[in-house]
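Chemist: sequence and predicted structure below; questions after.
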Amino acid sequence: MARIARTTKTNPTPKPKPKPKPKSKPSLANLAPPPRKKRPESLTSREQEILELIWAGFKNKEIGERLKISVKTVEAHRANMMKKMRVSNTAQLLKMAIQDGTIKIR
């Protein structure tokens, strides 16, 4: 009977894996801020009403009495408007409202 010779596959020596390059940290100078929308949301009718009273010169307490809401609610509405319009004080809030046409000057 004839013998069949078995051949064994010899694995070639594996190539060494390349070492990963150290990741460089991005510089703050190279990072660009994400694009921002002009205004994320429009004002609610209640915020619009409060904005007009602020424009008329009423204080938070007076606005609350006039609209029959608490001073804290007036402050919350004012804070929400400032956040939506991306401003940090009442003067900037009124300026942005005028520029956007939210408030009309007579």
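Modeler: Everything's here; your move. Numbers count the residues shown, from 1 in each chain.

Chemist: for the helix or strand where Glu47 lies, name the packing helices and strands.
Modeler: In the assignment (DSSP states H and E), Glu47 maps to helix 45-55. On a contact count with 3 or more Cβ pairs under 8 Å, 6 or more residues apart in numbering; DSSP states H and E, helix 45-55 meets helix 60-67, helix 71-84, helix 90-100. The way it works is simple: take the backbone N, C-alpha and C, and place the C-beta from them, glycine included.

Chemist: save those as JSON lines, and put in distance to Ile54 too.
Modeler: JSON lines is the format used below for the helices and strands packed on helix 45-55 (distance: least, Cβ to Cβ, whole Å):
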{"stretch": "helix 60-67", "distance to Ile54": "7"}
{"stretch": "helix 71-84", "distance to Ile54": "7"}
{"stretch": "helix 90-100", "distance to Ile54": "7"}
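
Chemist: which intervals of this structure have sub-threshold pLDDT?
Modeler: Applying pLDDT under 70 to the chain flags the ranges 1-12, 22-30, 32-40.

Chemist: about what we covered before: between the helices and strands packed on helix 45-55, which gets nearest to Leu53?
Modeler: Leu53 lies closest to helix 60-67 among the helices and strands packed on helix 45-55, at 4.8 Å (Cβ to Cβ).
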